[in-house]
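Colleague: got a predicted structure here, sequence first:
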Amino acid sequence: MSNSEETINIARKPEKGSFKKRLTGKTATQIGFLIFLGVVWEALYRAQITSPLLFPSFLDVLTQFWLSAGELFMRVGVTFSFIGYAMAISLVLSFLLTFFAMRSQAVASIVELILAMMHPLPSVALLPLLIIWFGLGPLSLLIVVLNSALWPIFLNAYTGFKTVHQTYIEVGQNIGLRGLKLFWHVILPSALPYLITGFEISWARSWRAAIAVELVFGAATTSGGIGWTIYMSYFDMETALMIAAIMTIAVVGVLAEKLGMETLEKKTVLRWGMIQKTETMGAQ
């Protein structure tokens, strides 16, 4: 057998301990932990520590989630519509603010002051003023979500573009890149880790803000997103439905992280070697 054939056979041999790794891998560990929580929940319910009305069975919650999944995810879609508008506007405003701030020191000073004031401010704190100005309606909700989404994206975009290494720009210019080509092939990829981080933080903050505002608006509206469903199930003392709605929020968060953010990182910054995938100390 030639050396090349031996190399091919060695490469095709299954990795030692691969089955064990699958059993003890990250996803398997997470699923096992969720099953453990479900078992503990059901055990506490059967111990009858409190009223079933206040603490329903885990199986009842799963049944309610299954029966109401269509309605619950439709409500998530309503919430997403506000988040989508807010995120789109935030992306445009962030790039405009970053562009002008990097072109003018005076603009940068003003924008940095606004960022220092608005970024730590909880968006829900603006809600009473927005209700006075615009009433209980979609516009107030959109402004709250926009305020939550804008500042993390802008902060990371501004930091990312400002910290692009001058050597990268000079190398790009030396090979003939100018204007939009230089931005697209050099500056944007260099700032991409910051942009992805800003997008992740912005998504999480806008998601929380939208649900919080819907909980407040629940007393004054007849339809809305997933936060409205939580409020109405609380108002009607439908505890299983309320927990199922909260579970829906958790499921959406996991799906957004696994299918959205992690996939984006794998296709870009991890694939390009711009950041390293972290491993636990026990992984071999």
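Modeller: Good, I have the coordinates.
Colleague: quick one: contacts for Thr197?
Modeller: By Cβ atoms under 8 Å, 6 or more residues apart in numbering, the contact set of Thr197 is Asn156. Yep, even glycine has a C-beta here, placed from its N, CA and C like the rest.
Colleague: next structured bit after the host helix or strand of it?
Modeller: Here Thr197, judged by DSSP states H and E, is contained in helix 188-217. Downstream of helix 188-217, the first helix or strand assigned by DSSP H and E is helix 226-235.
Colleague: give me the buried positions along that next one.
Modeller: Going by neighbour count (16 or more other Cβ atoms under 10 Å), the buried part of helix 226-235 is Ile226, Gly227, Trp228, Thr229, Ile230, Tyr231, Met232, Ser233.
Colleague: mind listing what Val171 touches?
Modeller: Contacts of Val171 by Cβ under 8 Å, 6+ apart are Val186.
Colleague: which SS state does it fall under?
Modeller: helix (DSSP: H, G, I helix; E, B strand; the rest coil).
Colleague: from Ile31, how far out is it?
Modeller: Here Val171 is placed at a distance of 46 Å from Ile31 (Cβ to Cβ, to the nearest Å).
Colleague: re earlier: now do the buried residues in the helix holding Thr197.
Modeller: For helix 188-217, by 16+ other Cβ under 10 Å, it's 189-217.
Colleague: now stretch 158-178
Modeller: For stretch 158-178, by 16+ other Cβ under 10 Å, it's Tyr158, Gly160, Phe161, Val164, Ile169, Gly172, Leu177.
Colleague: try stretch 30-43
Modeller: Under 16+ other Cβ under 10 Å, the buried positions of stretch 30-43 are Trp41, Glu42.
Colleague: check stretch 65-80 too.
Modeller: Phe65, Ser68, Leu72, Arg75, Val76, Val78, Thr79, Phe80.
Colleague: tell me the one among these nearest to Met247.
Modeller: Phe65 (5.7 Å; Cβ to Cβ).
Colleague: residues contacting Leu142?
Modeller: Phe82, Tyr85, Ala86.
Colleague: are any of these buried, and which?
Modeller: Phe82, Ala86.
Colleague: could you dump the contacts of Leu142 into TSV with secondary structure and distance to Glu112 added?
Modeller: TSV is the format used below for the contacts of Leu142 (DSSP: H, G, I helix; E, B strand; the rest coil; distance: Cβ to Cβ, whole Å):
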residue	secondary structure	distance to Glu112
Phe82	helix	28
Tyr85	helix	26
Ala86	helix	22
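Colleague: okay if I get the contacts of Leu142 as JSON lines plus distance to Leu241 and pLDDT?
Modeller: Shown next, in JSON lines, are the contacts of Leu142 (distance: Cβ to Cβ, whole Å; pLDDT from 0 to 100):
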{"residue": "Phe82", "distance to Leu241": "22", "pLDDT": "85"}
{"residue": "Tyr85", "distance to Leu241": "28", "pLDDT": "90"}
{"residue": "Ala86", "distance to Leu241": "27", "pLDDT": "90"}
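Colleague: just name the closest of the contacts of Leu142 to Leu97, please.
Modeller: Closest to Leu97, out of all of the contacts of Leu142 and judged by Cβ to Cβ, is Ala86, at 15.6 Å.
Colleague: touching, the closest one and Val145? I think so.
Modeller: Yes - the criterion here is Cβ atoms under 8 Å, and Ala86 meets it with Val145 at 4.0 Å.
Colleague: who touches both of these two?
Modeller: Ser206.
Colleague: show me the contacts for the nearest residue to Phe161 once chain neighbours are set aside.
Modeller: Excluding its sequence neighbours, the residue lying closest to Phe161 (Cβ to Cβ, 6 or more residues apart in numbering) is Ala191, at 4.9 Å. Contacts for Ala191 (Cβ under 8 Å, 6+ apart) come out as Ala157, Gly160, Phe161, Thr163, Val164.
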